[in-house]
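Colleague: How does the following fold in three dimensions:
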Amino acid sequence: MTSLKKAKGKARRAAKAKAKEDEAAFVNEFDGTAGDFLAAYHATKEKCAVVWNDPSMMEFVVSFLLACGAGKVMEGNIKIASKYAALACYFEQYIQVELLNTRPFPNWPKIRELYAANSHTTVSFLKRRIPCSCLDEKYKEVKSIPKIGLCCSPECPLPCGKTELSATMCCSRCRAANYCSRECQVAAWQGHRGECGFYAELKAKFKENKENS
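Modeller: Now for the predicted structure:
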C-alpha cells in the first residue's frame, strides 16, 4: 500500500512538473511577441495543445499576459502594454467561448480596440484585472483621456479609423462590428453582410442551446 501511494504521489508530481513545462513553453512563445499573435498561435496550437484545452492553464496564461502588460505600463511603454492587454482579452474570451461555453463568440471590437488602445483604455483594462494596486497612480494620471474606439469600415475617413469610444455605434444585429457613424456602417455593409449573418446565427444557436439545456 505504501509503495502504491508513493507511486501515485510521484506520478502527480511528474504531471504537475509537465504541466508547468507546457505552460512555460506556451507563454515563452507569446512573451516578447505581443504584436505577433499569429506566429505564436501557430507555434503553440499543436505543440501546446494541452494548454489550449485546459481552462486552468489558460487562466495562468492570462495572468502572465496581464502581468507583462502592467510591467510595460510601469516602464512607460503603452504601445506594447496594449498588445499584451489585447492578448489577455482574447484568451479570457477564448476560455469563455471554447472551453466553458459561456458566450457565443469573442468580442472582436473590444480586442481590436485594445490593440490600438491609448493609455486610458490600456491602464483601465489592466487595473481591473491585476491583484495589486501598482497601476492606481497611473490610472489617476490617464483617466481624463477619452478612450479610443475603432471604426470597422475600410472607407472610414478618420485616421486609422480611430475615434472616441463614446462616439462609436455597434451593429445591433451581430454586435461584432463598431462604426464611427451611420454613413460608415452603410458604406461597410456589403463587406460586413456575410460576417454579420454568421455571427447572428451563432448568437441564435447559442441562445437556443442555453434555453434547451
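
Colleague: pLDDT value on F26, please?
Modeller: F26 carries a pLDDT value of 80.

Colleague: got a pLDDT number for D36?
Modeller: pLDDT, read off for D36, is 67.

Colleague: what's the offset of the longest helix seen in the chain from the middle of its chain?
Modeller: Longest among the helix segments of the chain by residue count, using DSSP state H, is helix 182-212. A distance of 20 Å separates the centroid of the chain from that of helix 182-212, by C-alpha atoms, centre = their mean, to the nearest Å.

Colleague: Could you list every helix and strand that that helix packs against?
Modeller: Counting contacts by 3 or more C-beta pairs under 8 Å, 6 or more residues apart in numbering; DSSP states H and E, helix 182-212 packs against no other helix or strand. C-beta here means a position set from N, CA and C on the backbone, and glycine is covered the same way.

Colleague: Now do the helices in this structure.
Modeller: 2-30, 37-44, 49-52, 55-75, 78-94, 108-115, 119-127, 136-142, 182-212.

Colleague: Let me have the ones you listed in TSV, adding distance to S172 and mean neighbour count as columns.
Modeller: Listed next are the helices of the chain as TSV, based on distance: least, C-beta to C-beta, whole Å; neighbours: other C-beta atoms under 10 Å:
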stretch	distance to S172	mean neighbour count
helix 2-30	34	13
helix 37-44	29	15
helix 49-52	33	16
helix 55-75	30	19
helix 78-94	20	23
helix 108-115	13	20
helix 119-127	23	23
helix 136-142	31	13
helix 182-212	10	14
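
Colleague: Dump the ones you listed into CSV; add distance to E164 as well.
Modeller: Converted to CSV, the helices of the chain look like this (distance: least, C-beta to C-beta, whole Å):
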stretch, distance to E164
helix 2-30, 30
helix 37-44, 26
helix 49-52, 36
helix 55-75, 21
helix 78-94, 17
helix 108-115, 11
helix 119-127, 11
helix 136-142, 15
helix 182-212, 14
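
Colleague: And those: which comes nearest G149?
Modeller: helix 108-115 (5.7 Å; C-beta to C-beta).

Colleague: hmm, back to that, select, out of the helices of the chain, the one closest to C151.
Modeller: Taking C-beta to C-beta, helix 182-212 is the member of those nearest to C151, at 5.3 Å.

Colleague: All set, thanks.
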